[in-house]
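In: Got a predicted model here, sequence first, then my questions.
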Amino acid sequence: MTSDTASQIAYLARALKAPALRDSAERLAERARADGWTHQEYLAACLDAEVATRSAHGAANRTRAAGFPARKTIEDFDFDHQRSVKRDHVEGLRCGVGCGGLVPGPTDSRQRSPGHADSAADPGRTGRNAGQRHRAGPRRQ
């Protein structure tokens, strides 16, 4: 890649806010020349590198923004300290490869299924008292 082309790619990657594209363009260009890639294959590889980087950073940013004190995995859990939790049971709940050891499930222990009595109380209500039913008569004092 010539220096003019490299500087143009660097400028365009900055303008598009695509740092992974800037970092991987030259390396992928050398590989594309060596392997005889088409222009479309080269472009797809560059875009794939950018998307993969954004996905990884996006997940890390969302975790950080959620305010979790630290990232925890099943491997970090002390089964000796919490004896009521059985290792075999937790290992059976584990999701597939590549999920980072996180156990899938609802994020809020108060979440209700659509058929639950609280969710049928008043579907138009939101906020703190969304699940409460309306009283039939005046309040007693």
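Out: Noted; the coordinates are in hand.

In: Roughly how far does Asp80 sit from Gly58?
Out: 36 Å (CB to CB, to the nearest Å). To be clear about C-beta, it is placed using only N, CA and C from the backbone, and glycine gets the same treatment.

In: Neighbour count: these two, which is higher?
Out: Just comparing Asp80 and Gly58: by other CB atoms under 10 Å the higher neighbour count belongs to Gly58, 10 against 7.

In: tell me the mean pLDDT for the helix or strand where the more buried one lies?
Out: Per DSSP states H and E: Gly58 is located in helix 39-65. Averaged across helix 39-65, pLDDT comes to 88.

In: Repeat that for stretch 13-31.
Out: 89.

In: got a list of contacts for it?
Out: 1, 6, 9-10, 37, 42, 45-47, 49-50, 52-54 (CB atoms under 8 Å, 6 or more residues apart in numbering).

In: Just put those residues in a markdown table and tack on distance to Lys72.
Out: Output for those, formatted as a markdown table (distance: CB to CB, whole Å):
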| residue | distance to Lys72 |
| --- | --- |
| Met1 | 43 |
| Ala6 | 42 |
| Ile9 | 40 |
| Ala10 | 39 |
| Trp37 | 41 |
| Tyr42 | 40 |
| Ala45 | 35 |
| Cys46 | 35 |
| Leu47 | 33 |
| Ala49 | 29 |
| Glu50 | 30 |
| Ala52 | 24 |
| Thr53 | 24 |
| Arg54 | 24 |
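
In: Most neighbours out of those, which is it?
Out: In terms of neighbours by other CB under 10 Å, these top out with Cys46 at 22 neighbours.

In: Would you map out the domains in the chain?
Out: With automatic domain parsing as the criterion, the domains of the chain are listed as 3-65, 72-105.

In: Now Asp88: which helix or strand?
Out: helix 87-93.

In: Show me where the protein has its helices.
Out: With DSSP state H as the criterion, the chain has helices at 3-15, 19-35, 39-65, 87-93.
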